[in-house]
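coords please:
(chains A and B)
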Amino acid sequence: MTNIVVSIENISKSYQLGSINTGTFYGDLNRWWAKKRGQPDPYLKVGGQDNRNHTGETLWALKNINFQLQQGDVLGVIGRNGAGKSTLLKILSRVTAPTSGVIKVKGRIASLLEVGTGFHPELTGRENIFLNGAILGMQRKEIQNKFDEIVDFSGVEKFIDTPVKRYSSGMYVRLAFAVAAHLEPEILIVDEVLAVGDADFQKKCLGKMGDISQNGRTVIFVSHNMSSIVRLSRTVLLMNNGMIDGLGVPEKMVSQYLMSGATSLAHRKWINSNEAPGNSVARIRSVRLVNQDMQTIDTSDVREKIGIETIFDRQDITVPIVPVISLHNEDGQHIFTAIDTTNKSNQLNKIGQYVCVAWIPNNLLNEGRITVSIALNTFLSQTVVRQAVVQDAIAFQAIDPLEGDSAKGVFTRNWGGAVAPLLEWTVYQDDREIA
Amino acid sequence: MVSENIVSSKDEWDLIIQPQRSWWDLHFKELWHYRDLIRLLVWRDFVAYYKQTILGPLWYVIQPVLTTVVFTVIFGNIANLSTDGLPPFLFYMAGNIVWSYFSACLVSTSTTFTVNAGIFGKVYFPRLSMPLSVVISNLISFAIRFAIFLCFLAYFILSGTHLRPNIWILSVPVLVIIMAFMGLGCGIIISSLTTKYRDLHQLVSFGVQLLMYATPVIYPLSSIDDAWRWLILVNPMTPIVEIFRLAFLGVSDINPAYLLYSMGFTVLIFFGGALIFNRVESTFMDTV
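Got it, this is the predicted structure:
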């Protein structure tokens, strides 16, 4: 027998746009008076544009969403801003009601949309634990049973009888999260975008989510961080314009998502030579990310060798050119720049189209979204002449499937650093005195 | 609108989220489930209020005494309004503490949606628990004022003023419950409307002021001409104030049967308010 815990059936949500009312009684009166005298509506917005699904003045934030979740599922929800992710979470957490459709749920739903909701600054930590717990739907007995655990987890024992307004922001967040984390719902909803706190806290959040799902609970979470989506979720829901674009294996959905946007293409090409970036010396015609079989890919396994293929036209063979690739991660951090030191590009001294592949060794890149910039440069002794440049030519997602054989070993949390190389380690016993 | 079916063991689903629930499904059962929350909210209001003031609980004492003194001077001494032959101080104090509880209930619940939009937007709990907790925490200040009133009453009686507290004292709990639900009912209707019209707020504080003059707070019912008396009697707060005075001071022109009218009005306004509130609560986040 299947064990469906969440069943979402035909959920739609519409918002009224424009002239429902002006927000004040005076405004409505004013509009009515203007209409009466045949004047234009004084509250009408001019030039407002929106490319969403409009039917008249209704905006469909969600349209006919259908899916089911089994017990223990971890569903990652991805999509661009305004795709309907947050609306879906809001409906699930009952903050707002759907326009049509039904959601059936087994067990208790709790949302970690924002920790510390309902904390009162004048009350002490202890008092706020009880208040916050009650707001989240816990019974007093439940809170009493878990009180010590919550205090312990938060690490604010010393200040538990101090009003929270005297807490540092870190303490505040830790205490708030401790309450939410001990709620132990059967279904947990997390919106990572709204989760306050520093990177450390976010990691703790994600770690706790991992623990929760291992206990057979169901988790639904929204994230823009593709690495944590791939790492944590078992299924990914891809949303676009209020509709489901795909539901399936994380890697596949993530690449579908990345492919769908113009900036996240793993393959760029310029059909018309005159419009291709470059000058009379050389022009870049195509850039793509390839695997060892020369197939275009947009997500890469960090354990595998990948290539950046550049196709360019050499038009003036008297000027030597050197291909350059430059990689940046999602924080804008420069990972590395590499040039073709073998000078192969200049050895083929003919006008024509060239294919050049820069191979990035396996087990070098760290996880994350990586953008690649390409240039064809002429290096003189003191200066560099850039004959052709494409900033952020392509982007791809480097993923660590966490099978224990990458640089992170069995560690599953975020791993700092621009690169994560798998090094050779030498370890042996030597009991001699240190000279 | 969101509805909740609390589990009965036969039900397959614990929770069904759907757009429309029936008008009559006010899920008071769920409210009962959240009684701990209501208790904590009441206590939060009280503690927070107490902690934020310099004078602390003294406020609860100063405010009614000062208001009564002002009423006594202005309406009693300067305007020379009738007080049914009662000591003006007690007369105004009785009217004032009753009226201030009702108006506090009405005004503070009328902002439920706008004031709590932040928390309502993040987490679900029965929305009615917010205004309900406000009404209950107002009861604390009412109790304090009531106690002060009793002190003054005892002082006046001991110093020889002829007053006749009587059996109607037993009706005080009923009067309080009627006021609480009438204030709550009016308040949640207004708060439901303020999700659409923000400027209704100004109207509320102003309206409540005016309403006070249409209630026998600063004058006795007996001072109104028979021709106009019906106008004052239409006001469902009139019997409350008058019966309160009758109970403790022993003088009033009201026919106690009017209390039934207040009761009926309260039942109507409260259920009407709950129905509207119920309609608004599930989608107000989209409009606020």
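
Report the buried residues of the host helix or strand of A:Ala388.
Here A:Ala388 is covered by strand A:384-399, with elements defined by DSSP states H and E. By neighbour count with 16 or more other C-beta atoms under 10 Å in any protein chain shown, strand A:384-399 contains the buried residues A:387-390, A:393-399. The C-beta positions use only the backbone N, C-alpha and C, and glycine is treated the same way.

For A:Gly133, which non-adjacent residue is spatially closest?
In this structure, A:Gly133 finds its nearest non-sequential neighbour in A:Ile143, 4.1 Å apart by C-beta to C-beta, 6 or more residues apart in numbering or on different chains.

which residues are contacting the helix or strand in which the one you found is found?
Element membership of A:Ile143 [criterion: DSSP H and E] is helix A:140-154. Contacts with helix A:140-154, where a contact means C-beta atoms under 8 Å, 6 or more residues apart in numbering or on different chains, come from A:125, A:129-130, A:133-134, A:157, A:160, A:171, A:174-175, A:177-179, A:181-182, B:36.

hmm, which two among those residues are most spread apart?
A:Met171 and B:Asp36 (25.3 Å; C-beta to C-beta).

Which ones among the contacts of helix A:140-154 map onto helices?
In helices, defined here by DSSP state H, the members of the contacts of helix A:140-154 are A:125, A:129-130, A:133-134, A:171, A:174-175, A:177-179, A:181, B:36.

Can you tell me which of the residues you listed is nearest A:Lys350?
A:Phe177 (63.9 Å).

Now do B:Asp225 against B:Ile232, distance only.
From B:Asp225 across to B:Ile232, the span is 10 Å (C-beta to C-beta, to the nearest Å).

returning to that earlier point: counting neighbours, which bits of the helix holding A:Ile143 end up buried?
Of the residues in helix A:140-154, those with enough neighbours to count as buried (16+ other C-beta under 10 Å) are A:142-143, A:146-147, A:150-151, A:153-154.

Which among the contacts of helix A:140-154 count as buried?
A:125, A:129-130, A:133-134, A:160, A:171, A:174-175, A:177-179, A:181-182, B:36.

burial count for B:Phe248?
23 (other C-beta atoms under 10 Å in any protein chain shown).

ok, it to B:Asn235 distance?
Summarising the geometry, the distance separating B:Phe248 from B:Asn235, computed by C-beta to C-beta, is 21 Å.

Show me the helices in the stretch 251-400 of chain A, by range?
Counting by DSSP state H, counting those that start in this stretch, the stretch 251-400 of chain A has these helices, from start to end: A:344-347.

residues in contact with the residue of it found nearest chain B?
Closest approach of the stretch 251-400 of chain A to chain B (C-beta to the nearest C-beta) occurs at A:Met253, with a separation of 25.0 Å. Contact partners of A:Met253, counting by C-beta under 8 Å, 6+ apart, are A:76, A:78, A:236-238, A:246-247.

Also B:Asp84?
Taking C-beta under 8 Å, 6+ apart, we find B:Asp84 in contact with B:91, B:220, B:222-223, B:245, B:249, B:251-253.

How about residues contacting the host helix or strand of B:Ile119?
Per DSSP H and E: B:Ile119 is located in helix B:117-120. By C-beta under 8 Å, 6+ apart, the list of residues contacting helix B:117-120 from outside reads A:95, A:117-118, A:135, B:113, B:127, B:284-285, B:288.
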